[in-house]
Structure formats: structure tokens, C-alpha cells
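Colleague: output the structure for:
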Amino acid sequence: MKWSNVKYLILRRIVQAALLFLYFAGNYWGWKVLQGDLSTSMLLDKVPLSDPFAVLQIFATGATLGVNVLIGAAIIALFYGIVGGRAFCSWVCPVNMVTDLAAWLRRKLWIDRIERKVWITRNARYYMIVIALIVSALTGLAAFEVISPITILNRGVIFGFGAGAGLLLAIFLFDLFVVKNGWCGHICPLGGVHSILGKYSLIRVTHTSENCTLCMKCKEVCPEVQVLGMIGKRSEDVAKAECTNCGRCVDVCDDDALGFHIRNYLSK
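Modeller: A predicted model of the protein is given here:
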């Protein structure tokens, strides 16, 4: 296997593992690089970072929010608004490693070729945002944070896994046997929030139709295959907000038909 076919995959795994290690080091050894978890962190003991969705849920409960929390949420929202909202899902979120493994096994075991009996709309993640906010308001608890597999995995690495590991296993089996990319591609509300944040982001995958030989390798590996609707039709940026900017389509394309570019806002 050539480096060029896995470069973004390897880089993503390095970033994800490094972040988990830094959170671990911050809690166990007192390193000041990154302390906390993916819901709320402190970078270099100076810069607050907060998950905007967690902040929205806390706001829905009626709790008072500190200035640092609001600043942290604004920093994260601005960052992903520029680089691509769902880059969080593929480059930062540790659950991505679980769901990517399930997707890889689906391809290797040819499960994708079995007729699908279960269908879930990809808009379910947006409905989940609304449900999480309503439940937060009714219960006084940040609803998704209580059951979030992202939080469970992140804190599990730091403090050890408990019963929450069962949820991670359930997501793996759900993605493997029930719905392809079911959790990240259909259900996770945080993915929906980051889709909204990155709707007009600068960094996008661009397709050059003249180079494409219609091998369709890109569609085989893409976790949000609907964003590649232009393949074989026209040259344009991948403009749909659900794109995770994971780079797998770029990795597997041997035709140099896909690559990262600064978004062309004038193409529409």
C-alpha cells in the first residue's frame, strides 16, 4: 500500500491519538498543553475551549454560563467555521476510530452487498439536536452529554472504562451490521451541529471531472457518499456541509481528480 493512498488516514489517526494522549497527560501528569476533555478544555493553561453543542444544552437547562465558557465556544465555532465543521468528526472525535473500523470491516466482509433492511434518514442528526435541547430544558441536565459516546470514550481513556464501553460496542455493531456509517452519518447530533458550523467553511475537497475515470473508489470509502454527487458529472467543490474533510476520497483517487483546495465561492 502506497503512502499516497493512506496519508490523510494516518494523519487523522496521529491527531486523534495525540489529542487523547494530551488529555491523559493533562489529567495524570499535570501537563498544561491540553487539560479537561472534549466538552470543555484549557489550552496551554490560557485559552478556553468549549464544545458549542454542550454550551447550547447547558444554556437550555437555564444554568448561568461563565464568560470563559462562552469565549471557548466562540473559538471552537470560529475555528470549525473556517476549516470545515465536520473536520471535528474525522480529525478529532475518537469515536471516528470505532466507526471507521466498522466501515472497513463492512467492506472487507462484503456486508455492504447485502440488501439493507433498515433505513434511517441522514436528517435524523438534526432532529436529534432539537430533541437533545428539549430534553435538556425539561430535565435540567445537558442531555446528550450524559450519554455521549464521545465523552464516554474520551473520559474512558483518562479515567478508565466502565459500563459506557457497552455503548461504544453497540455503536460498532450497529455500524457493522445494521446501517453503514449509521452513528456518525445519520444519528450523532454533534455531527449535525458541526455541519451547520462549517456550512460556509473555506477548506473543501474539489473534484476535477476531466481527470476522473469513474473508478468510484471515492464513493466506496466516503462516509457521507451523498456529498460526492458531482462525480462523473462536473467539476466543482464538495459544497455540502455534511462532508467531513476526512480526505479518504483524496487518498484513494489514483486519477488526481480530487484534492483539498480553498473553497471557490464563485462556482455557484
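
Colleague: output the below-cut-off pLDDT ranges for the stretch 1-150 of the chain.
Modeller: Across the stretch 1-150 of the chain, the ranges flagged by pLDDT under 70 are 1, 3, 115.

Colleague: mind redoing it with 90?
Modeller: For the stretch 1-150 of the chain, applying pLDDT under 90 flags the ranges 1-5, 27-28, 64, 84-85, 109-119.

Colleague: just the strands from it, written as ranges.
Modeller: According to DSSP state E, counting those that start in this stretch, the stretch 1-150 of the chain carries its strands in the segments 34-36, 40-43, 47-50.

Colleague: for Gly162, find the nearest of those.
Modeller: Closest approach to Gly162 among the strands of the stretch 1-150 of the chain (Cβ to Cβ): strand 34-36, 19.5 Å. In short, each C-beta sits where N, CA and C put it, glycine included.

Colleague: ok, back up a step: can you redo the strands of the stretch 1-150 of the chain as a markdown table with mean neighbour count?
Modeller: Output for the strands of the stretch 1-150 of the chain, formatted as a markdown table (neighbours: other Cβ atoms under 10 Å):
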| stretch | mean neighbour count |
| --- | --- |
| strand 34-36 | 20 |
| strand 40-43 | 18 |
| strand 47-50 | 20 |
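
Colleague: redo those strands as JSON lines? Include distance to Ala170.
Modeller: Output for these, formatted as JSON lines (distance: least, Cβ to Cβ, whole Å):
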{"stretch": "strand 34-36", "distance to Ala170": "26"}
{"stretch": "strand 40-43", "distance to Ala170": "26"}
{"stretch": "strand 47-50", "distance to Ala170": "28"}
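
Colleague: which one of those lies closest to Ala17?
Modeller: The minimum distance between Ala17 and the strands of the stretch 1-150 of the chain falls on strand 34-36, with 13.1 Å, by Cβ to Cβ.

Colleague: so how far is that closest one from its chain's centroid?
Modeller: Averaging C-alpha positions (Cα atoms, centre = their mean, to the nearest Å) puts strand 34-36 20 Å from its chain's average.

Colleague: look up how far Val179 lies from the residue nearest to the spatial centre of the chain.
Modeller: Centroid-nearest residue in the chain: Cys89, 1.1 Å away (criterion: Cα atoms, centre = their mean). Applying Cβ to Cβ, to the nearest Å, the value for Cys89 to Val179 is 16 Å.

Colleague: rewinding a little: for the residue nearest to the centre of the chain, give its distance to Ile152.
Modeller: From Cys89 over to Ile152 the distance is 16 Å, taken as Cβ to Cβ.

Colleague: about what we covered before: what's the closest of the strands of the stretch 1-150 of the chain to Val157?
Modeller: Val157 lies closest, by Cβ to Cβ, to one member of the strands of the stretch 1-150 of the chain: strand 34-36, at 12.7 Å.

Colleague: nearest residue to Asn264 in space, ignoring adjacent ones along the chain?
Modeller: Of all residues not flanking Asn264 in the chain, Asp237 sits nearest, at 5.6 Å (Cβ to Cβ, 6 or more residues apart in numbering).

Colleague: my bad, Asn211
Modeller: Sequence neighbours aside, Ala257 is the residue nearest to Asn211 in space, at 3.9 Å (criterion: Cβ to Cβ, 6+ apart).

Colleague: dig out what the residue nearest to Asn264 forms beta bridges with.
Modeller: Beta-bridge pairing of Asp237 under DSSP bridges involves Thr206.

Colleague: please consider this matter closed, and thank you.
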